[in-house]
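[1] Fold the stuff below for me.
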Amino acid sequence: MLRVTTELSSRRALQSWMCPPPYITNAELRQRNIEAVLFKDWPGPAEDTGRLDAGEESLLFKQLHFCGYKLSRLYKSADRGPLGVLKRRYGLWEQRYHQLRERLIEANLGLVYDLIGRSRFHNLDRDEMSGEGMMALLRAVDTFDPWRGFRFSTYACNAILRAFSRAAIQDSKRRSRVAGPYDVDFEKSDADETRHSDQRILFSERLQRILRLDNADLTDTEKTVLARRFPLEEGRVRQTLEDIGRQMRVSKERVRQIQLSAIAKLRRAIADDEILN
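    Numbering: from 1, shown residues only. The predicted structure follows:
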């Protein structure tokens with residue numbers, strides 16, 4: 001009886017020591033020979049901090065989630081099998097998991113600093129943005145699904161930008177609540193103005209991305225009309241409908257119709273944007 005009680009206590013202690021990481025479930029993880037396929041070139045990711053190509057990135061993420069899957073299986077089987085074997089196997093897969101995760105994080109750290117450099121959230125300091133960006137990158141590595149066919153950089157950039165936006169909104173709220181000495185220049189809170197400014201900046205960045213990636217499926221004619229009606233280049237003069245119609249040899253009314261069609265497409269693209277909604 002004492003022996004059974006001691007073993008049961010040891011197994012409970014082992015299970016409390018185990019802490020399986022999150023992973024993405026996929027039918028591929030349960031295939032018979034998937035371990036041999038994914039880890040045929042192991043012993044580990046190359047000790048390099050450079051960027052990964054699409055094939056390397058997909059393989060590392062699949063290996064990462066397989067490690068999480070194995071760790072979860074071992075955790076559930078902690079009530080049976082030799083304790084020493086369970087502990088050694090768990091330690092092996094946990095080590096592999098952390099090796100892969102660190103390699104993926106190191107390969108994509110540049111995304112955080114690149115987005116900080118291009119961001120227009122001026123009310124946030126660089127250290128705060130770095131912290132928010134790093135946390136968003138870590139969450140993105142844990143939740144990215146490599147079986148959907150997208151590049152991780154796209155997924156991570158969206159997550160990091162959302163983190164910056166949330167931080168900017170929270171910062172605006174904190175500023176509006178912090179009491180300070182009376183000063184005529186600060187008698188009126190600029191919290192609403194700052195929040196609206198941050199929202200306009202985020203909206204502008206996402207709109208430029210939609211235009212750059214052609215997510216709105218604009219025709220060449222619609223792009224031309226938008227570029228002349230709402231020029232993005234500093235110093236470029238905005239043209240009238242009549243001027244554009246004269247250059248394109250169509251009526252002013254036809255230019256207006258093209259403009260309305262293009263704006264409607266952009267509104268639909270903005271409505272589908274996962275960061276703005």
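[2] okay, CA-based contacts and neighbour counts for the rest of this
    Will do.
[3] Mind jotting down where the helices sit in the stretch 1-150 of the chain?
    Taking DSSP state H, counting those that start in this stretch as the test, the helices found in the stretch 1-150 of the chain are 2-17, 34-38, 54-76, 83-118, 126-143.
[4] Please identify which of the ones you listed is closest to R268.
    Nearest to R268 among the helices of the stretch 1-150 of the chain is helix 83-118 (25.4 Å), distances taken as C-alpha to C-alpha.
[5] re earlier: most packed of the helices of the stretch 1-150 of the chain?
    Among the helices of the stretch 1-150 of the chain, the stretch with the highest mean neighbour count (mean count of other C-alpha atoms under 10 Å) is helix 54-76, at a mean of 20.
[6] Select from the helices of the stretch 1-150 of the chain the stretch with the lowest mean pLDDT.
    Among the helices of the stretch 1-150 of the chain, helix 2-17 has the lowest mean pLDDT, at a mean of 52.
[7] hmm, back to that, out of the helices of the stretch 1-150 of the chain, which is closest to I258?
    Comparing these against I258 with C-alpha to C-alpha, the closest turns out to be helix 83-118 (31.8 Å).
[8] same for that closest one, what does it pack against?
    helix 54-76, helix 126-143, helix 152-177 (3 or more C-alpha pairs under 8 Å, 6 or more residues apart in numbering; DSSP states H and E).
[9] tell me the angle of it relative to helix 54-76?
    140 degrees (axes from the mean of the first three to the mean of the last three C-alpha atoms, to 10 degrees).
[10] so how far is E242 from the residue nearest to I201 when sequence neighbours are not counted?
    Excluding its sequence neighbours, the residue lying closest to I201 (C-alpha to C-alpha, 6 or more residues apart in numbering) is R120, at 6.5 Å. Separation of R120 from E242 (C-alpha to C-alpha, to the nearest Å) stands at 35 Å.
[11] do the same with I201
    Distance of I201 to E242, computed by C-alpha to C-alpha: 31 Å.
[12] got it, and Q63?
    Counting by C-alpha to C-alpha, the gap from Q63 to E242 is 60 Å.
[13] Kindly report the same for E106.
    Taking C-alpha to C-alpha, one finds E106 at 54 Å from E242.
[14] now do Y90
    Y90 is 72 Å from E242, where distance means C-alpha to C-alpha.
[15] give me the number of residues near Y155?
    By other C-alpha atoms under 10 Å, the residues close to Y155 number 16.
[16] With A269 instead?
    19.
[17] pLDDT wise, what is the residue nearest to it when sequence neighbours are not counted at?
    In this structure, A269 finds its nearest non-sequential neighbour in A216, 5.4 Å apart by C-alpha to C-alpha, 6+ apart. Note on A216: pLDDT of 82.
[18] Over to the one 10 residues further on?
    Per-residue pLDDT puts L226 at 86.
[19] Any buried residues in the helix or strand encompassing it, and which?
    Taking DSSP states H and E as the criterion, L226 maps to helix 220-229. Counting neighbours by 16 or more other C-alpha atoms under 10 Å, one finds that the buried residues in helix 220-229 are E222, K223, T224, V225, L226, R228, R229.
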